[in-house]
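Enquirer: Sharing a model that was predicted from the sequence below.
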Amino acid sequence: MFKQLSPAQLDPILSLSIAYREDSRTDKMDLGIGVYRNSQGETPIMQAVQTAQTALLAEQKTKAYVGLAGDEVFNQSMMDLLLSGTSAHGRAAAVQTPGASGALRMLADLMAIAQPETTVWLTDPSYVNHKPVMEAAGLKVRFYPYFDRQTKQVNSDAMLAEIAKAGPKDVVLLHGCCHNPTGADIRFEDWQAVTELANKNGFLPFVDIAYQGFGDGLAQDAAGLQHLADNVEEMIIATSCSKNFGLYRERTGAAIIVSDSLQEAQKAKGRILNLARATYTMPPDHGAAVVAKILQDEKLTQVWQQELNSMHQRLLNLRQGLVKAVNAQGSDAFDFIAKHKGMFSVTGLSPEQIARMREDFAIYAVADGRINIAGLQEQKLDYLANALVTVSQS
Ligand code: LMR
């Protein structure tokens, strides 16, 4: 049966991690997959997570099934984190999913049954998994202008002019903060403009927020999403605890539906539960139980926020440090890195230049030119700066 299959396509991010592991050079640097590393190059378990899971180990009496929606305390906590203080808070429903990719897929499947002719509009470029997930659910995908490759910032005029063409059969996907891969975020005025367009032209806004806390802080990073949620009848959200709780391998995320009434939101939630049952039945428990424990405990929440804040501060320092190191090589070609937000920056390097970084310097970055700033160590900034300047001038 399977002999007729053509070989699998390699994922541009996950395949890099394998190649990196197999590289025997001792000075190698992994700036591929979006994982936070400390100054020793490790991805430690966050202190709040450690405390919460130690408590869970002592308390948990069973491994019996939880339920199709996962942990409802976690679901409520995710809605509180994102929607507290907005009118959407009382007309939203959440389902725990295996990571944000699981949320993307469940929401895509939901759109496919509600409106099979849906087209999902993605930023150009977008997270590498957006298009495959939407297409796997049978939806059409198109891209809207977003990143200006000259300025390395968002081209808001071009973006809004294109989004103005979206109508009731369209879904416009926005990155809540810390745009992946570019690091270039839209301004609050852009969120306002998109909100107006959604109300005027009837498209459904879809926000993927996977890096809350890594841009301008927890509250500020949700400000655009909250403006939308406050002002539209319907929207959908995919969120992740991989990065801001460091729970990568626990696959912890949520799909949230905001509707004009709680009843409608809960109806949509019910349909997601049917979809989940037919896909994986229910999500893994551990990560969500840890997050629920942290967010239900004031002291643990404080520990978590402080820790997240120091990761965020360190990221800002790394961005500035890298620009300084490049400047010391006599170049200002990468100054934009200090203006980007979150874990990533698109450098503007071509696939050939990225290949040279890997071959000549043992530096692994995604072929689209993205580097993971959160994967950097302070003592390696000069080495990276030299590599960036060398390959960009070749
Ligand atoms: C990334 O963009 O590196 C992460 O979100 C990991 C992933 O799932 O690709």
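Expert: Thanks, I have the structure now.
Enquirer: The chain: helices as residue ranges?
Expert: Per DSSP state H, the chain carries helices over the ranges 14-22, 47-59, 72-83, 99-114, 130-136, 156-163, 188-201, 218-221, 223-231, 262-279, 286-295, 298-328, 351-361, 381-392.
Enquirer: got a list of what Asp23 touches?
Expert: Listed by CB atoms under 8 Å, 6 or more residues apart in numbering, the contact partners of Asp23 are 362, 364. All C-beta spots, glycine's among them, are computed from the backbone N, C-alpha and C.
Enquirer: how close does it sit to the ligand?
Expert: As defined by CB to the nearest ligand atom, to the nearest Å, Asp23 lies at a distance of 18 Å from the ligand.
Enquirer: same thing with Glu42?
Expert: Taken as CB to the nearest ligand atom, the spacing of Glu42 relative to the ligand amounts to 18 Å.
Enquirer: what do you get for Leu204?
Expert: Going from Leu204 to the ligand by CB to the nearest ligand atom gives 23 Å.
Enquirer: Please apply the same query to Trp121.
Expert: With distances defined as CB to the nearest ligand atom, the gap from Trp121 to the ligand amounts to 20 Å.
Enquirer: got a list of what the residue in the stretch 251-394 of the chain that the ligand sits nearest to touches?
Expert: When distances are taken as CB to the nearest ligand atom, the stretch 251-394 of the chain approaches the ligand most closely through Asn372, which lies 6.9 Å from it. With contacts defined as CB under 8 Å, 6+ apart, Asn372 is in contact with 30-35, 343-344, 365.
Enquirer: circling back to that earlier point, any idea which of the helices of the chain scores lowest on pLDDT?
Expert: For these, the stretch scoring lowest in mean pLDDT is helix 14-22; its value is a mean of 92.
Enquirer: okay, it in PDB with CA atoms only?
Expert: Extracted as PDB, the C-alpha positions of helix 14-22 are listed here (Å, rounded to 0.1, in the frame of the first residue of the first chain):
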ATOM      1  CA  LEU A  14      12.400  20.400  13.200                       C
ATOM      2  CA  SER A  15      14.800  18.900  10.700                       C
ATOM      3  CA  LEU A  16      17.400  21.500  11.700                       C
ATOM      4  CA  SER A  17      17.400  20.200  15.300                       C
ATOM      5  CA  ILE A  18      18.300  16.700  14.100                       C
ATOM      6  CA  ALA A  19      21.100  18.000  11.800                       C
ATOM      7  CA  TYR A  20      22.400  20.100  14.800                       C
ATOM      8  CA  ARG A  21      22.400  17.100  17.100                       C
ATOM      9  CA  GLU A  22      24.400  15.100  14.600                       C
END
